[in-house]
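Engineer: fold the following.
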Amino acid sequence: MARYVGPKSKIARKFGEAIFGEDKSFERKNYPPGQHGLASKRSKKSEYAVQLMEKQKAKYTYGVLERQFSNMFKKATRSHGITGEVLLQLCESRLDNVVYRFGISTSRSGARQLVSHRHITVNGEIVNIPSYSLKPGDVVGVREKSKSLATIEESLSRSSNVYEWLSWNADKMEGTFVSVPQRVQIPENIKEQLIVELYSK
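Structural biologist: Here you go, the predicted model:
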């Protein structure tokens, strides 16, 4: 499946925030890319443009393509609860996102690669589908043969994030998806209501 593999700093500059994590290039040039980057900051965007940009930001943040994102939105509309909040909860419940949250990888794209290359297990079984949706109580771990991988060890040694809906066991290199996070627990700066308004047109 196609994925964006271009310069991440350019995308971060487009949205005006480091959506892919720490970015020294973005810190130096925190204005839109292109010849008229600084001037474009002053131009007023239409309501549709603002809504579309928010949807694109969410898609780039979680590394989800349009069809997947649209399907998640449809699932969110059929679920009980606030549609926008449920949409973000579905994004957070993806296996690649949880691997990233546990600190097994320093980025979601790296987490997606670890899953695809069969380094990750769910409840003891290898799962190589990054979009796999986790349920409360599921245990995500590093496959026994992959525990010595330098990239995983380095990432875990640098990780310091703690999330209330996740529980990590460093000795076993596995963690539990304790519960679906509430909106206030999700740190991403995404205005989900704008996305709902866009899809509702």
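Engineer: which SSE is Val140 in?
Structural biologist: strand 139-142 (DSSP states H and E).
Engineer: and that strand, what does it pack onto?
Structural biologist: Applying 3 or more C-beta pairs under 8 Å, 6 or more residues apart in numbering; DSSP states H and E, one finds that strand 139-142 contacts helix 95-102, strand 120-122, strand 174-177. Backbone N, C-alpha and C define where each C-beta goes, glycine included.
Engineer: so which elements touch the shortest one?
Structural biologist: If contacts are counted by 3+ C-beta pairs under 8 Å, 6+ apart, strand 120-122 sits against helix 95-102, strand 139-142.
Engineer: any idea how far that strand is from the chain center?
Structural biologist: Distance, stretch centre to chain centre, for strand 120-122: 18 Å (C-alpha atoms, centre = their mean, to the nearest Å).
Engineer: what does that strand rub up against?
Structural biologist: Strand 120-122 is contacted by residues 95, 99, 104, 114, 126-128, 132, 134, 138-143, 174 when judged by C-beta atoms under 8 Å, 6 or more residues apart in numbering.
Engineer: can you list the domains in the protein?
Structural biologist: Taking automatic domain parsing as the reference, the chain has its domains at 1-43, 46-93+188-201, 94-179.
Engineer: least confident of the ones you listed, on average?
Structural biologist: Among these, domain 1-43 has the lowest mean pLDDT, at a mean of 58.
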